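Participant: predicted model and sequence below, questions to follow.
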Amino acid sequence: MFKIPHIAPDRLPGVLRLMPKAELHLHIEGTLEPELIFKLAQRNQVQLPYASVEALRAAYDFKDLQSFLDIYYAGASVLLHEQDFFDMAWAYLEKAAADNVVHAEIFFDPQTHTARGVPMETVIKGLHHACQRAHQEFGLSAKLILCFLRHLSEEDAFATLEAALPFRHYFIGVGLDSSELGHPPAKFERVFAKCRELGLHVVAHAGEEGPPEYIRDALDLLKAERIDHGVQAVRDADLMKRLADERVPLTVCPLSNIKLCVFPTLAQHNLKSLLDAGLCVTVNSDDPAYFGGYVNDNYVQLFAALGLEGRHAYQLAFNSFEASFADAAQKKAWEHGLKAFFERLREQD
Ligand SMILES: Nc1ncnc2[nH]cnc12
Ligand SMILES: [Zn+2]
């Protein structure tokens, strides 16, 4: 077994920031910073219901998932042209590269845009070109995952899939997001079956606010390969055992869970219990522009609040590569790089 060197607590934040990692739960529309929202609003002559960047930021005081989603969809209304989607994704990818993210699997919500008359092609090509450039400039591999909005109908999801098929080679999978309670996975069983037939990877948000049954249904009905959030699994011992036995990855988003009142404080977050139970947990930022931090902020604040150590850092980064949809050779290379990173820390001791 690879021996992780002890890292003094004061060195840990620096190590977490420098450590190579993958980000697997990131909504690109959730990276729109207020400054960019205002810039795009001006460029596209879109009227915003907030007087200033400060007034918009002051509204980021959420009581649950729905209160966040209402503002998040309003923020996305400034995106109209391919350049807008490029600019949004590029701003995120620059930050991700600075955070030593070597691989990102990025969610996008096409229905938020097509419902406003923005063509699917505009959305996907703008995002794709930013991903391509990040690979060229930073060596960061960035892949897209198309999410269906679960508060809309399955029929709408089918129409969205149809519209996206001409651009099939620009995205690697599909996901399910938006308002969870009252919109169980069963609602999307047929469209997910179709996506699997098309060879797309499938993931789903489940157990963020919703009950453990939604996680089980995401696995059994949608055949989800990863569960986004999944923190409510702790309420069901059988489900916990299954998630551990099958090593189903959970893409956990600590700062998101605090901002949306899933846990009262970071110190009360259950990520350590999930890790200790042997689950393949990963750390991610969800909607960093709204939740107060990008992926490294999630790592650093979580580690401080829960008293996590170097071995947890290694495990979480390792899990992020294991849980990714990259091919086996690529995963091996990243895992090798991660080990080399921790070996170098030992030499510096
Ligand atoms: N945390 C989240 N849960 C569900 N849908 C989302 N869309 C963007 N962020 C989300
Ligand atoms: Zn999410």
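Facilitator: That came through, no problem. Residues are numbered from 1 along each chain as shown. Ligands and ions are numbered 1, 2, ... in the order given.
Participant: if whichever residue of the chain sits closest to ligand 1 is in a bridge, with which residues?
Facilitator: Nearest residue of the chain to ligand 1: residue 177, at 3.5 Å (Cβ to the nearest ligand atom). Any C-beta I mention is one placed from the backbone N, CA and C, and that applies to glycine too. According to DSSP bridges, residue 149 are recorded as the beta-bridge partners of residue 177.
Participant: list the contacts of it.
Facilitator: If you count contacts by Cβ atoms under 8 Å, 6 or more residues apart in numbering, residue 177 has them with 27, 107, 109, 147-150, 205, 228.
Participant: who wins for most neighbours among the residues you listed?
Facilitator: residue 205 (31 neighbours; other Cβ atoms under 10 Å).
Participant: looking at this, that residue is in a strand?
Facilitator: Yes - Residue 205: assigned to a strand according to DSSP: H, G, I helix; E, B strand; the rest coil.
Participant: wait, it touches residue 229, no?
Facilitator: Yes - contact criterion Cβ atoms under 8 Å: residue 205 and residue 229 qualify, at 5.8 Å.
Participant: so how many other residues sit close to the closest residue to residue 18 other than its chain neighbours?
Facilitator: Nearest non-adjacent residue to residue 18, counting by Cβ to Cβ, 6 or more residues apart in numbering: residue 100, 5.9 Å away. By other Cβ under 10 Å, the residues close to residue 100 number 17.
Participant: mind starting the numbering at 47 from now?
Facilitator: With the count now opening at 47, the last piece we talked about shows up as residue 146.
Participant: tell me how far residue 146 lies from residue 68.
Facilitator: Relative to residue 68, residue 146 is positioned 10 Å away (Cβ to Cβ, to the nearest Å).
Participant: same check on residue 254?
Facilitator: 20 Å.
Participant: the contacts of residue 223 also near ligand 1: which ones?
Facilitator: 73, 251 (Cβ under 6 Å from any ligand atom).
Participant: in TSV: the contacts of residue 223, plus pLDDT.
Facilitator: Output for the contacts of residue 223, formatted as TSV (pLDDT from 0 to 100):
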residue	pLDDT
73	98
153	99
155	98
193	99
194	98
195	98
196	98
251	98
274	98
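Participant: centre of the chain versus stretch 136-149, how much separation?
Facilitator: 13 Å (Cα atoms, centre = their mean, to the nearest Å).
Participant: thanks again, I'm all set now.
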